[in-house]
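Student: Sequence and predicted model, in that order:
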Amino acid sequence: MSRARTFVSDRVAAIPPSGIRRFFDIAATMEDVISLGIGEPDFTTPQPIVQAGIEALQRGETHYTSNSGLMELRRAIAGHLDRLYGQTYNPASEVLITVGVSEALYLAFAATLDDGDEVIIPAPCFVSYAPEVALAGGVPVMIETRADDGWQVTAQAIEAAITARTKALLLGYPSNPTGAVMTRERLNEIATVVKRHDLLVISDELYDRLVYGADHVCFPSLPGMYSRTVLLNGFSKAYAMTGWRVGYIAGPAELLDMMRRVHQYTIMCAPTVSQWAALAAIQMGEPFVQEMRAEYDRRRRLIVSGLNEIGLTCFEPQGAFYAFPSIAVTGMSDNDFAEKLLQEERVAVVPGNAFGEAGRGYVRCSYATAYEKIEEALERMRRFVRRHG
């Protein structure tokens, strides 16, 4: 008897499910859980932004926009990038509005990769990076970063990973999960390697406004990098707009034209109401960004000092809203640590291996939750480490 035919794509079947989601599913069945797992602001979207969305609905702004997005929003984004980083983009041809940075990632790879093209990815990294490369037919090449180097990737490590099939480098800084921020010096060294080997750079800078005691360097603003960089960014983190699902791509017109082609056949356009809200975020959101960043910084200092005091050695993150402590003192694997901490003390964290092999032996703790909850979580973790450390 012949074997039943399978209709599942081999490419999709080879991609493992997210290592984050499983712990959220378990936590959802339990009471009194403090979650340090989810990478989402606990703030609600600032009221002027919400009001802009409401007013857009009331005006009847419920139709498609241009495939590229509202021109008003594209102009605002171009002006925003120019003010912050001195990088000029033409809003008509070099800015594309997407359904969050998730779609932006997909478009960047779908429009640039051929089967077998290699993309170098520093790890630990956001869980979507390698799967998105694979879904586009590319080959993710992971290179490890280390806490001793501040979780910053080096030009030497990138150059050592380059082969004849290497087409692109994916940078995600400020980093999820480590909170690392790249220095200008190291980025300039990387730019030299990129030029020498004629590489494309996909730069995910979603957390650019959430940095503490450091400066964010926008990669395409470096000398010679505009023409070979696709910049990804959005509104979810800095403006507390995760559910609105709006992001953007900025880059050279010839690359954006191909991404727009994929976008128009798969999405048509980003949600219209969300685009009007995003415009209000740029126009009126800066005081709220500053306020939220100050509160994240307060929480950051609490969780880093608390983790180190417990014995969970933690590099001091300078960006995003994550701490990435070592759990070596417990002798557990990161999976066992996360599972037992959840079961015994009702604290949810994410095993470091969810972000790549380089994350083994660490866990990600999000401080995008209330200060008082972080205090209680640290006390529970202290009890846990005393029992197991």
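Tutor: The structure has been received and is ready for your questions.
Student: before we move on, what SS does Lys237 have?
Tutor: coil (DSSP: H, G, I helix; E, B strand; the rest coil).
Student: Ala78 too?
Tutor: What three-state DSSP gives for Ala78 is helix.
Student: Which helix or which strand is home to the nearest residue to Leu302 once chain neighbours are set aside?
Tutor: For Leu302, ignoring the flanking residues on the chain, the nearest one in space by Cβ to Cβ, 6 or more residues apart in numbering is Ile374 at 5.7 Å. To be clear about C-beta, it is placed using only N, CA and C from the backbone, and glycine gets the same treatment. Secondary structure from DSSP states H and E places Ile374 in helix 371-388.
Student: Around the nearest residue to Gly69 once chain neighbours are set aside, count how many other residues there are.
Tutor: Nearest non-adjacent residue to Gly69, counting by Cβ to Cβ, 6+ apart: Ile97, 2.6 Å away. Neighbourhood size, Ile97 [other Cβ atoms under 10 Å]: 28.
Student: Can you verify Ile97 is assigned to a strand?
Tutor: Yes: the assignment for Ile97 is a strand, going by three-state DSSP.
Student: give me the beta-bridge partners of it?
Tutor: Tyr248 (DSSP bridges).
Student: Between the two ends of stretch 171-185, how far is it?
Tutor: One end of stretch 171-185 sits 15 Å from the other (Cα to Cα, to the nearest Å).
Student: Shouldn't Leu170 be within a strand?
Tutor: Yes: in this structure, Leu170 lies within a strand as judged by three-state DSSP.
Student: Please verify my assumption that it contacts Ile202.
Tutor: Yes: contact criterion Cβ atoms under 8 Å: Leu170 and Ile202 qualify, at 4.7 Å.
Student: shared neighbours of the two, anything?
Tutor: Residues touching both Leu170 and Ile202 by Cβ atoms under 8 Å, 6 or more residues apart in numbering: Val119.
Student: Only alpha carbons, please: show stretch 90-109 as PDB.
Tutor: Coordinates of each C-alpha in stretch 90-109 appear next as PDB, following Å, rounded to 0.1, in the frame of the first residue of the first chain:
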ATOM      1  CA  ASN A  90      13.000  60.300  -0.700                       C
ATOM      2  CA  PRO A  91       9.500  59.600   0.800                       C
ATOM      3  CA  ALA A  92       8.100  58.900  -2.700                       C
ATOM      4  CA  SER A  93      10.400  56.100  -3.600                       C
ATOM      5  CA  GLU A  94      12.600  55.200  -0.600                       C
ATOM      6  CA  VAL A  95      10.100  54.600   2.200                       C
ATOM      7  CA  LEU A  96       7.600  51.700   2.400                       C
ATOM      8  CA  ILE A  97       5.000  51.300   5.100                       C
ATOM      9  CA  THR A  98       4.700  47.600   6.300                       C
ATOM     10  CA  VAL A  99       2.600  45.500   8.700                       C
ATOM     11  CA  GLY A 100       5.100  45.800  11.500                       C
ATOM     12  CA  VAL A 101       8.800  45.000  11.200                       C
ATOM     13  CA  SER A 102       7.800  41.300  10.900                       C
ATOM     14  CA  GLU A 103       6.500  42.000   7.400                       C
ATOM     15  CA  ALA A 104       9.500  44.300   6.700                       C
ATOM     16  CA  LEU A 105      11.800  41.400   7.400                       C
ATOM     17  CA  TYR A 106       9.900  39.100   5.100                       C
ATOM     18  CA  LEU A 107       9.900  41.600   2.300                       C
ATOM     19  CA  ALA A 108      13.600  42.300   2.700                       C
ATOM     20  CA  PHE A 109      14.600  38.700   2.200                       C
END
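Student: do you know how far the nearest residue to Ala320 once chain neighbours are set aside is from Glu189?
Tutor: Nearest non-adjacent residue to Ala320, counting by Cβ to Cβ, 6+ apart: Tyr207, 4.2 Å away. To Glu189, Tyr207 is 22 Å away according to Cβ to Cβ, to the nearest Å.
Student: My guess is Val33 contacts Val347. True?
Tutor: Yes: between Val33 and Val347 there is a contact at 7.3 Å, judged by Cβ under 8 Å.
Student: who's more crowded, those two?
Tutor: Taking other Cβ under 10 Å, Val33 and Val347 do not tie; Val347 has more neighbours (23 against 18).
Student: Give me the neighbour count for the residue lying closest to Ile190 once chain neighbours are set aside.
Tutor: Distances taken as Cβ to Cβ, 6+ apart place Ala155 nearest to Ile190, at 4.9 Å, with adjacent residues excluded. Neighbourhood size, Ala155 [other Cβ under 10 Å]: 17.
Student: residues in contact with the residue lying closest to Ala180 once chain neighbours are set aside?
Tutor: Setting aside the residues directly before and after it, Ala180 is nearest to Trp151 in space (Cβ to Cβ, 6+ apart), at 3.6 Å. Residues near Trp151 by Cβ under 8 Å, 6+ apart: 124, 145, 175, 178-180, 315, 324.
Student: name the element Trp151 belongs to?
Tutor: For Trp151, there is no helix or strand it lies in under DSSP H and E.
Student: what are the phi and psi values for it?
Tutor: Per-residue torsions, Trp151: phi 60, psi 20 (degrees, to the nearest 10).
Student: I'm done for today, thanks for sticking with me.
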